[in-house]
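Peer 1: okay, sequence plus prediction incoming.
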There are 2 protein chains.
Amino acid sequence: MIKGRSETSVTIHDVARSCGLSSSTVSRALNGKHVEYRISDKARNRVLETADRLGFKANWKAKTLTDRRSFQVGILFQAAFPEFRGIFAEILTSLNNTLEAAGYHLLFVPVHDERGLQLIQQHRLDGLILCDPHSSEIHSMLHQIDAPLVLLNHLAPDTRYSQVIPDEEQGMRLALDHLFAFGHEKIAFFRMGRHSSPTHFSLERRRSAFNTVMAERGLAGSAVTADESVDSFLSRVKVGPDGHTAIVTYSHIEAAFLLRALLQKGLRVPQDVSLIAYNNAFPMDALFPAITVIDVPASKMGEVGAKLLLEQINGESKPRHVTLPESLIVRESTGPAPRGGSGPIARL
Amino acid sequence: MIKGRSETSVTIHDVARSCGLSSSTVSRALNGKHVEYRISDKARNRVLETADRLGFKANWKAKTLTDRRSFQVGILFQAAFPEFRGIFAEILTSLNNTLEAAGYHLLFVPVHDERGLQLIQQHRLDGLILCDPHSSEIHSMLHQIDAPLVLLNHLAPDTRYSQVIPDEEQGMRLALDHLFAFGHEKIAFFRMGRHSSPTHFSLERRRSAFNTVMAERGLAGSAVTADESVDSFLSRVKVGPDGHTAIVTYSHIEAAFLLRALLQKGLRVPQDVSLIAYNNAFPMDALFPAITVIDVPASKMGEVGAKLLLEQINGESKPRHVTLPESLIVRESTGPAPRGGSGPIARL
DNA sequence: CAGCCTTGCACAATCGATTGCAGTGCGAAA
DNA sequence: TTTCGCACTGCAATCGATTGTGCAAGGCTG
């Protein structure tokens, strides 16, 4: 029977009494310190057997009270940001796999204000992982935190905490090179307008990568970036054979809504417009046409993030910045640039 | 400065020393027991001021060591099941909001075997919330757990734990009535074949609700259920004006893949086939056509689940089963049944 | 057979809080 | 002046573990 806050919870003393030994001996036997502290095999086996029989499970709170470490790590994320949701489960899973292997557990830190950060203190968290934090409240509090910290998907100009980010410029380059090879020149970068804060680094990185790569090709003039609603974007920017012939979107969310709007306008993808999205999340491969994506290595990010945190907790290394490569998954939404001039149905 | 496992963490004794009082007085002043234990206002204010100045934060582990309660609740979910992912973030958020208001925090319980359940014991968790658990390992271990338990989206024939489920039959009835009103008679229920276990209750409930409602209308003969790949389904079941004219899918995942396959075959939605999905998740409103959905009340489920758990923890009530209503969100994927006979392009 | 080293274990302090109970000091009553 | 009582606080035990140190046996040597 697995009990929670059980009144009859069996303690180390129960085990000690039950096998006629002291609690210190039990503790040492149970923690494999039998050689260091010279516990006889006989005593050790007796302890092991009794503990098993009684179903003894060490109380984590007592166990970590002496220790400085809590073996708990906080994970802070803002579920409010849907762009991240698509890959959140993946990140969470890989984070957890890595941490669990090291004996750590994840405590959810829900709030984004000072109360949330106090959890670090109250629970004596060994570290904190921030998933794609782009609210200015969090950002302004980061420097107050004196605990190992890992930022996922958030490149801040600070070397005091580890950061794991995908190489957005390289991903964007893959995407644009793919489009260039198809003859596209007038290309747009699109994000659905929300509260774009100055701390929204992944947006900034993708946008500036777009501008950089376009400029390198001498196409700065035909590059357009947008941060607005789909309707507003499509009414402002001419899309199709006689306008911009390809669009790269900030996330999979934009891609889905944009595809819908394009189809509604009677535009064909990729015959009239090519489409590439960041994030290989559902439903990019389930759309018709399936969307070519820049694959952000979510699972790898979780794994690396966890490792960086563990390194810091163990004092094995200083905070580091790690950049992970992105890759391009070519599907059906990209193709040769249309000839231009004689576009199909213009608009509704 | 907010510290984690800080070496210089300020304790209650530091506060006591700093204001020339004993740690017991500090404790009592800090916990509002000044009236019960007759702490003078002078002493109390001095403590409060000193604690604040020193940035004292009570060590949660020490605080809850005496107490039976840990004020931590475990959340167990299997990220492997994508159907649930679409609404997981929503559930998590509302769970957390409710629990946090009561001073509880969520500990992530990752593993699905006995190790995972031992966390309950080790961390003296006050309770456990299981999100849509349908692996037989978990199921076979449930009865071993002697702690307040809430199952979300998992109706098990057991009254020892609280359960929160959406009213699948009512949702299915809304969906089918909607289709009946459009004249549909040959209707299919579709799920993408995966490891359908006997403990996969939400699938069972939806499927049997489908069969029940169809039978009530005397349409048992024209009802088809499927649990296979999209390709296999479409090659086995004739879909379109001269076959099944409407499909209800187990989740939003199926809907997206199915829509893609239908469009690929040249079938029009809803002119040739109508489509309804469970879960109002992304990208149901971003597809073209936007998908009519049965809205599973994810946020409400989280809130109610948290409340049921708190009730049990506080001993205020016995485990209860709560059923929450679903609703239908009509979009573009449903319309009048086609005439039949002269269907459009048959298949590729 | 005394002295010594090893082996094997128990005692007690400690982590950071909470809490029952025992004090201290003061004024008032006797 | 002694005593009683009340207002206020400190002492010490406790929660369930870990760990430094001390102390008995027992085996060995000389």
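Peer 2: Noted; the coordinates are in hand.
Peer 1: the residue of the stretch 101-250 of chain A found nearest chain B: neighbouring residues, count only.
Peer 2: Nearest residue of the stretch 101-250 of chain A to chain B (Cβ to the nearest Cβ) works out as residue A:147 at 3.0 Å. Any C-beta I mention is one placed from the backbone N, CA and C, and that applies to glycine too. Residue A:147 has 23 neighbouring residues, counting by other Cβ atoms under 10 Å in any protein chain shown.
Peer 1: same thing with the one 3 residues further on?
Peer 2: Neighbour count of residue A:150, defined by other Cβ under 10 Å: 29.
Peer 1: pLDDT score assigned to the closest residue to residue A:110 other than its chain neighbours?
Peer 2: Closest residue to residue A:110 apart from its sequence neighbours, by Cβ to Cβ, 6 or more residues apart in numbering or on different chains: residue B:96 at 4.5 Å. We have a pLDDT of 91 for residue B:96.
Peer 1: can you tell me the SS state at residue B:96?
Peer 2: helix (DSSP: H, G, I helix; E, B strand; the rest coil).
Peer 1: do the same with residue A:210
Peer 2: Of the three states, residue A:210 takes helix under three-state DSSP.
Peer 1: show me what the nearest residue to it once chain neighbours are set aside bridges to in the sheet.
Peer 2: Closest residue in space to residue A:210, ignoring its immediate chain neighbours: residue A:189 at 4.2 Å, by Cβ to Cβ, 6+ apart. With DSSP bridges as the criterion, residue A:189 is bridged to residue A:225, residue A:248.
Peer 1: what's near enough to touch residue A:189?
Peer 2: Neighbouring residues of residue A:189 by Cβ atoms under 8 Å, 6 or more residues apart in numbering or on different chains: A:206, A:207, A:210, A:223, A:224, A:225, A:226, A:247, A:248, A:249, A:250.
Peer 1: bridging residues for residue A:239?
Peer 2: Assessed by DSSP bridges, residue A:239 has beta-bridge partners residue A:244.
Peer 1: how close does the residue of the stretch 201-348 of chain A found nearest DNA strand C sit to residue A:303?
Peer 2: Across the stretch 201-348 of chain A, the shortest distance to DNA strand C (Cβ to the nearest atom of the strand) belongs to residue A:313, at 17.6 Å. According to Cβ to Cβ, to the nearest Å, residue A:313 and residue A:303 sit 16 Å apart.
Peer 1: and stretch A:282-294, what's buried?
Peer 2: Residues of stretch A:282-294 classed as buried: A:282-294 (neighbour count, 16 or more other Cβ atoms under 10 Å in any protein chain shown).
Peer 1: does DNA strand D have contacts with stretch A:15-32?
Peer 2: Yes - Stretch A:15-32 reaches DNA strand D (Cβ under 7 Å from any atom of the strand) through A:23, A:24, A:27, A:28, A:30, A:31.
Peer 1: model confidence for the residue lying closest to the third one once chain neighbours are set aside, exactly?
Peer 2: Pointing back at residue A:27 there. Leaving aside its sequence neighbours, residue A:27 sits nearest to residue A:12 (Cβ to Cβ, 6+ apart; 5.9 Å). Per-residue confidence (pLDDT) for residue A:12: 94.
Peer 1: run a quick neighbour tally on residue A:12.
Peer 2: Counted with other Cβ under 10 Å, the neighbours of residue A:12 add up to 21.
Peer 1: can you pull the phi/psi pair for it?
Peer 2: The phi/psi pair for residue A:12 (degrees, to the nearest 10) reads phi -70, psi -30.
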